[in-house]
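1. Okay, sequence plus prediction incoming.
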Amino acid sequence: MNEKMTEKDGKIRVAVIGGGASGLMCACKAAEFGADVTLFEKNKSDKKLSSEARFDNAYLGKKLLITGKGRCNVTNNSDINTFMKNVPTNPKFLYAAYCAFPPEKTMEFFEKGGTKLKTERGNRVFPQSDKSVDILNVFKKKIIETGVKVVNQKVVSAEKKDGLFEILTDEKQKFSFDKCVICTGGASYKATGSDGDGYRFAKKFGHTVKPLSPSLVPMECKEKELCESLSGLTLKNVDFSVYDAAKPKGKPLFSERGEMLFTHFGISGPLVLSASAHIKNPENNAYRAQIDLKPALSEEKIDEKLVKLFSEKSNTNISNALMSMLPKSLAKPFCVCCGVSPDKKANSVSREERKNIARAFKSFSLEISAFRPIDEAIVTSGGVDVKEINPSTMESKLVKNLYFAGEVMDVDAYTGGFNLQIAFCTAYLAAKNVSKKERMIKMISIAIDGPSGSGKSSLAKLLAKKLGYIHVDTGAIYRTIGLYAKKNGIDPHDEKTLSEHFDKIHVKVDWIDGNQHIFLDDDDVSTDIRTPEISMYASDVSALPKVREFLLEMQRDFARKANVIMDGRDIGTVVLPNADVKIFLRADDEKRAMRRYLELKEKGQDVEYEKVYEELVLRDKNDSTRKTAPCVPAKDSVILDNSDINLEETLEKAIEIINAKLGAER
């Protein structure tokens, strides 16, 4: 059977693969935004209830139902700074998603859906009923309201053919969609359906999948016999810390107060799960867990209590005496760990032994030997590389109309509702963008070229402001590559070495209050690149063919998405050869040098006119004679000489040129 699901009746047909937290939110929101949504979920319900028929008898939200010990910690009602601190993997990638759908929006979604919420310690948000099923019921109600179609079949393949996404299920059914969202979760808790399907789909689409490892996972200890004897014991209100054994006097990698428990293999519980996110490769590295059993008391106070206790129970075995300060099952093992016989009478305990016991109350230690298997982890660390996903839309940078949301991506957080918030906010952003119809609007591009100091950047900024276009300063992008070369000690003429660094160079351009800002590895370098030294670096690296090829697609992409005024040295000849308007600015060498000199002085730089003039002439020679994309006018460009006119007059003439090219009713 082949169901053709292309755009019809004005609706975009969307496939959402995975009926977990992110898939449910994405499906509901995308349908709410006007898309025709089909949700694929492979887990099957054993209940066979008539009420489940609307959902094709799919077991939706299987993992969601067991989170928070069945209570479902839906989010953490914290601000963005707190949220980011609790996301150890790629937090900056989630900035736009958090802002689009913050915790208050998550809470509003469920409360409007009929489930009242409450906020507990640590800003953790739960349903007032303490029942996760009430959270799932909000989604089910929304599915019915918005008309989401549920298909209870396993997706075995997802491919893009002829602009459409073809979905094949294990029941040999084929479906076609305009857009597709992968919400399959990670590889943990396989019993809930998280078996890594999403990673296989992503790889088939050409995406990189970062190595997978367990996060928020129980830990095995070398003291296995001790832990096994204490299996089932829960410790509450203890301080749990983890140290790098190689740095015994260093700060703890993790330290929090709360609850933990012993298991037959080691330790688990909320504190242990949170601590695991701070540990890397415990099999290869030495980590020590330290438990403060009495965090409210100092070691001295504990010693005083022990003196009194041993005096009152002088003829009692020390293990029995300690039961007034410790859980019964812990008393004997605790004595052994302190190097004291559990059967020793309290009145025969030496001062040194008593001090050791007091010390052990504050630092009961265990050696961590391994994580439990990923199947026992709450979340998966690793996943689809976020560098290949647009953080503002959740759309793939490699495959148009393919989106991702939730744990399938390389993002994970600590316990406390942060992981579900990631699932919900990324799903919302994907849903919002997957529902948008593409507008076939012709974007206008205006190319302004010219040598250094001709005023092309100043003119471009004014034109962009006047016309309401985006200004793209391509010279700033080359300057950023020059800055990278300088910072990393790379000769700007060494094309081979520089090209080997391309996968490490992360340049991002953004517009803040209408002004272009340029970022290198998330640092705003807009000011750092405006020095004479970096200008020369930019001139050198821009002459390298591989550098120009590396940046070419980025520059062209700006013109595809918006009306742009783009300035540089080869915009009209190479970058945008089909630009609607091409202007080439010219001015006398001396006047250009003076403009550049005054500009640098105004910025507080200590420069000499003669030096500026020499560098300008040298750069002119380099730019105009280089083999790759020399700075020369395009054949169809309009030459505008502004040697004897000011910036306002240059602007007027440029507008006249644009009007003549585009028509006065632009």
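-> Yep, that arrived. Residues are numbered from 1 along each chain as shown.
2. What sits closest to S637 if chain neighbours are left out?
-> By the measure of CB to CB, 6 or more residues apart in numbering, the closest residue to S637 outside its immediate chain neighbours is K582, 3.7 Å from it. No exception for glycine: its C-beta is placed from N, CA and C like everyone else's.
3. hang on, the one you found in a strand?
-> Yes - going by DSSP: H, G, I helix; E, B strand; the rest coil, the assignment for K582 places it inside a strand.
4. who's in contact with it?
-> Contact criterion CB atoms under 8 Å, 6 or more residues apart in numbering gives I446, A447, D449, I571, G572, A634, D636, S637, V638 as the residues in contact with K582.
5. who's in contact with D540?
-> The contact partners of D540, taken as CB under 8 Å, 6+ apart, are G482, P492, H493, N622.
6. Now with 10 Å, please.
-> By CB atoms under 10 Å, 6 or more residues apart in numbering, D540 lies in contact with 478, 481-482, 485, 491-494, 498, 547, 619, 622, 626.
7. What of L136?
-> Contacts were defined as CB under 10 Å, 6+ apart; by that measure L136 touches A21, L24, L60, G61, K62, L64, L65, C72, T115.
8. Could I get the buried residue list for the strand or helix carrying it?
-> Here L136 sits within helix 133-146, counting by DSSP states H and E. Of the residues in helix 133-146, those with enough neighbours to count as buried (16 or more other CB atoms under 10 Å) are D134, I135, L136, N137, V138, F139, K140, K142, I143, T146.
9. Of all residues in the protein, which one is nearest the centre?
-> If you average the C-alpha coordinates of the chain and look for the closest C-alpha using CA atoms, centre = their mean, you land on F93, 3.0 Å from that point.
10. number of nearby residues for the nearest residue in space to that one that is not next to it in sequence?
-> In this structure, F93 finds its nearest non-sequential neighbour in V386, 4.4 Å apart by CB to CB, 6+ apart. Other residues within reach of V386, judged by other CB atoms under 10 Å, total 20.
11. For V386, give me the pLDDT.
-> We have a pLDDT of 95 for V386.
12. Surely G61 and V133 touch.
-> Yes - with contacts defined as CB atoms under 10 Å, G61 counts as touching V133 at a distance of 8.8 Å.
13. Now for these two: what residues contact both?
-> Residues touching both G61 and V133 (CB under 10 Å, 6+ apart): C72, K140.
14. what's the neighbour count on N281?
-> Other residues within reach of N281, judged by other CB under 10 Å, total 10.
15. Skipping adjacent residues, who's closest to G196 in space?
-> Excluding the flanking residues, the one nearest G196 by CB to CB, 6+ apart is A187, at 4.4 Å.
16. Strands of the stretch 401-550 of the chain, start to end?
-> Secondary structure of the stretch 401-550 of the chain (DSSP state E, counting those that start in this stretch): strands located at 402-404, 445-449, 470-473, 507-512, 515-520, 523-524.
17. so where's the longest strand in the protein?
-> For the chain, the strand reaching the highest residue count under DSSP state E is reported as strand 234-244.
18. Determine how far it lies from the middle of the whole chain.
-> Taking the mean of its C-alpha atoms, strand 234-244 sits 29 Å from the chain's own mean (CA atoms, centre = their mean, to the nearest Å).
19. swap in stretch 557-573?
-> 29 Å.
20. Okay, buried residues for it please.
-> Of the residues in stretch 557-573, those with enough neighbours to count as buried (16+ other CB under 10 Å) are 558-559, 563-573.
21. now, which of the contacts of D540 lie within helices?
-> Helix and strand membership here follows DSSP state H; of those, those in helices are Y478, I481, G482, A485, L498, V547, R619, N622.
22. Dump those residues to JSON lines, plus neighbour count and pLDDT.
-> As requested, those are arranged in JSON lines below (neighbours: other CB atoms under 10 Å; pLDDT from 0 to 100):
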{"residue": "Y478", "neighbour count": "26", "pLDDT": "91"}
{"residue": "I481", "neighbour count": "29", "pLDDT": "95"}
{"residue": "G482", "neighbour count": "26", "pLDDT": "94"}
{"residue": "A485", "neighbour count": "24", "pLDDT": "95"}
{"residue": "L498", "neighbour count": "24", "pLDDT": "94"}
{"residue": "V547", "neighbour count": "23", "pLDDT": "91"}
{"residue": "R619", "neighbour count": "22", "pLDDT": "84"}
{"residue": "N622", "neighbour count": "16", "pLDDT": "86"}
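23. Distance to K432 added to those residues, as JSON lines?
-> What follows is those, written out as JSON lines (distance: CB to CB, whole Å):
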{"residue": "Y478", "distance to K432": "34"}
{"residue": "I481", "distance to K432": "34"}
{"residue": "G482", "distance to K432": "38"}
{"residue": "A485", "distance to K432": "39"}
{"residue": "L498", "distance to K432": "39"}
{"residue": "V547", "distance to K432": "36"}
{"residue": "R619", "distance to K432": "45"}
{"residue": "N622", "distance to K432": "46"}
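24. Go through those residues and say which is closest to F109.
-> Within the ones in helices among the contacts of D540, distances to F109 taken as CB to CB reach their minimum at I481, with 43.6 Å.
25. these two touch, right, the closest one and H506?
-> No - here I481 lies out of contact with H506, judged by CB under 10 Å, at a distance of 11.5 Å.
26. Please list only the buried members of the contacts of L136.
-> Among these, the ones that count as buried by 16+ other CB under 10 Å are A21, L24, L60, G61, K62, L64, L65, C72, T115.
27. who's in contact with the closest residue to the first one other than its chain neighbours?
-> This means A21. Counting by CB to CB, 6+ apart, A21 lies nearest to A423, which is 4.1 Å off, once chain neighbours are set aside. By CB under 10 Å, 6+ apart, A423 lies in contact with 20-26, 64, 74-75, 106, 183, 185, 379, 405-408, 411.
28. thinking in terms of the whole chain, how far from its middle is stretch 420-427?
-> Centroid displacement of stretch 420-427 relative to its chain, using CA atoms, centre = their mean, is 11 Å.
29. can you dump the C-alpha coordinates of that stretch into PDB?
-> As requested, C-alpha coordinates have been extracted for stretch 420-427 and formatted as PDB (Å, rounded to 0.1, in the frame of the first residue of the first chain):
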ATOM      1  CA  LEU A 420      12.200  16.900  29.300                       C
ATOM      2  CA  GLN A 421      12.400  20.600  28.900                       C
ATOM      3  CA  ILE A 422      15.000  20.000  26.100                       C
ATOM      4  CA  ALA A 423      12.600  17.500  24.500                       C
ATOM      5  CA  PHE A 424       9.700  19.900  24.600                       C
ATOM      6  CA  CYS A 425      11.400  23.200  23.500                       C
ATOM      7  CA  THR A 426      13.300  21.600  20.600                       C
ATOM      8  CA  ALA A 427      10.100  19.800  19.500                       C
END
